[in-house]
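Chemist: Sequence and predicted structure, then a few things I'm wondering about:
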Amino acid sequence: MSRILRVDSSITGEHSVSRQLTQHIVKQLTAADPSTEVSERDLAADPLPHLTLDHLGPNAELDAFLAADTIVVGAPMYNFTLPTQLKAWLDRVVSNGTTFRYTAEGKPEGLAGGKRVIVALSRGGVYGPDQGNADFEHLESYLKAIFAFIGITPEFVRADGLNLGAEAKSRGVEQALGEVERLAA
Ligand SMILES: Cc1cc2nc3c(=O)[nH]c(=O)nc-3n(C[C@H](O)[C@H](O)[C@H](O)COP(=O)(O)O)c2cc1C
């Protein structure tokens, strides 16, 4: 039996594209393996406080992350980066001595390898290398780096151009749903 942890962070509830995508990803993965156990963490409905020193070390979010084989993360772009709710969750998961460590030589080493992380990105604009505003992209680049830091290469599903009109939005969503089909295949 494998375990999926679904983590959502969008504040837009039933209108959320990232939630639509995480739901679809989980549906596809569980259809492929019906014995899969799914737990859900809604960081907008039940937000974590900002990190303080008291929160460092063992915590419930870290335990849930460690217990999962696959983590499906919904990551909308707010102000060119991730929602503060998702950052607070990562602040619990990126934990010295558990998900990463520094070697005697001072080199960081990820300790969470072996997990599958699938991130559903939803962005109002477009941030490709030829689109002129790649310097503003601090969502995908950040998530790629922080998961690499703990030993994981995340897979991305991207819904882009969601605030560029109704047609662009439906194209963006359709493309992302198509990517989900390929991921799960
Ligand atoms: C508070 C807020 C800030 C946003 N900032 C950006 C931004 O900086 N760049 C961008 O491309 N889209 C931005 N957007 C658009 C969202 O990325 C887009 O609406 C996306 O669909 C949000 O994901 P969701 O549908 O899961 O809520 C912002 C939306 C909100 C609500």
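Modeler: Cool, the structure landed.

Chemist: Tell me the secondary structure at Val72.
Modeler: State at Val72, reduced to three classes by DSSP: H, G, I helix; E, B strand; the rest coil: strand.

Chemist: quick thing: my sequence starts at 56, can you match it?
Modeler: Sure, I'll start numbering at 56, so the last one becomes Val127.

Chemist: May I have the beta-bridge partners of the spatially most central residue of the chain?
Modeler: The chain has Val128 as the residue nearest its centroid, 2.9 Å off, counting by Cα atoms, centre = their mean. Under DSSP bridges, the beta-bridge partners of Val128 are Val62, Val174.

Chemist: The ligand contacts on the chain?
Modeler: 65, 67, 71-74, 131-135, 177-180, 217-218 (Cβ under 6 Å from any ligand atom). C-betas here are computed from N, CA, C, even on glycine.

Chemist: I'd assumed Leu145 was in contact with Ile201.
Modeler: Yes. Applying Cβ atoms under 8 Å as the test, Ile201 and Leu145 come out as touching, 6.1 Å apart.

Chemist: Write the ChimeraX selection for whichever of the residues of the chain next to the ligand are buried.
Modeler: Buried residues within the residues of the chain next to the ligand, by 16 or more other Cβ atoms under 10 Å, are selected in ChimeraX with:
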select :65,71,72,73,74,131,132,133,177,178,179,180,217
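
Chemist: starting at the chain centroid, how far to the lengthiest helix in the chain?
Modeler: Longest helix of the chain, by residue count under DSSP state H: helix 221-239. Chain-centre distance of helix 221-239: 17 Å, with Cα atoms, centre = their mean, to the nearest Å.

Chemist: packing partners for it?
Modeler: helix 72-87, strand 171-177, strand 210-214 (3 or more Cβ pairs under 8 Å, 6 or more residues apart in numbering; DSSP states H and E).

Chemist: what about the residue lying closest to Arg147 once chain neighbours are set aside, how many neighbours?
Modeler: The shortest distance from Arg147 to any residue other than its chain neighbours is 3.9 Å, reached at Glu116 (Cβ to Cβ, 6 or more residues apart in numbering). Burial of Glu116 is recorded as 20 neighbouring residues (other Cβ atoms under 10 Å).
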